[in-house]
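> Starting from these lines, generate the structure:
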Amino acid sequence: MMLMWNGIAHASEAANDERDLLRAEAALCHAFEVGDAVAAGRGLDARFTLTDSRGHVTNRAQNLAEIAERQPYYEVFRNRDGKVRVYGDAAVVTGITRAKGHSGKDEFDVDFSYTDTWIRRNGAWLLVASHASKRQE
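The predicted structure is shown next:
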């Protein structure tokens with residue numbers, strides 16, 4: 001019985017972690033979509049890096065400035081098909097991000113495959129690295 005209980009407890013913890021990570025992902029997407037750099041800052045580790053679809057690497061401060069300036073401006077910034085793998089206090093989430101909006105005069109409506117790397121610190125999940133690649137049709 002003890003092994004079964006441990007299995008149930010671990011399955012429950014894993015389900016909670018998956019739920020919490022997908023909620024954290026959704027909160028960050030919402031922050032990008034509405035230009036809320038304060039909310040985004042709560043979800044990003046101090047050493048956060050983003051490797052974008054052109055191979056450019058930016059840090060936390062650069063991303064928060066972009067969000068606050070709303071450049072690019074997002075009408076839609078949402079994730080779907082998220083798959084979560086938890087490794088103790090670290091996790092990897094993969095999925096698809098839809099981004100629609102404009103950068104200057106250029107409009108965009110594109111899907112990206114993403115890989116996000118998270119760590120749990122003091123009970124909260126923080127995004128430490130993200131990579132996005134433009135999906136081929």
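> all strands for the protein, in order.
Taking DSSP state E as the test, the strands found in the chain are 44-51, 57-59, 73-87, 90-103, 106-121, 124-134.
> Just put these in JSON lines and tack on mean pLDDT, mean neighbour count and distance to A26.
No exception for glycine: its C-beta is placed from N, CA and C like everyone else's. Below are the strands of the chain laid out as JSON lines (pLDDT from 0 to 100; neighbours: other CB atoms under 10 Å; distance: least, CB to CB, whole Å):
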{"stretch": "strand 44-51", "mean pLDDT": "98", "mean neighbour count": "17", "distance to A26": "15"}
{"stretch": "strand 57-59", "mean pLDDT": "98", "mean neighbour count": "13", "distance to A26": "22"}
{"stretch": "strand 73-87", "mean pLDDT": "97", "mean neighbour count": "15", "distance to A26": "7"}
{"stretch": "strand 90-103", "mean pLDDT": "97", "mean neighbour count": "17", "distance to A26": "11"}
{"stretch": "strand 106-121", "mean pLDDT": "97", "mean neighbour count": "16", "distance to A26": "12"}
{"stretch": "strand 124-134", "mean pLDDT": "97", "mean neighbour count": "18", "distance to A26": "12"}
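> how about those strands in TSV, adding distance to S12?
Formatted as TSV, those follow (distance: least, CB to CB, whole Å):
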stretch	distance to S12
strand 44-51	26
strand 57-59	36
strand 73-87	13
strand 90-103	16
strand 106-121	16
strand 124-134	17
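> nearest spatial neighbour of A14, skipping sequence neighbours?
Excluding the flanking residues, the one nearest A14 by CB to CB, 6 or more residues apart in numbering is V86, at 6.0 Å.
> which residues does the one you found contact?
Counting by CB atoms under 8 Å, 6 or more residues apart in numbering, V86 makes contact with 14, 17-18, 21.
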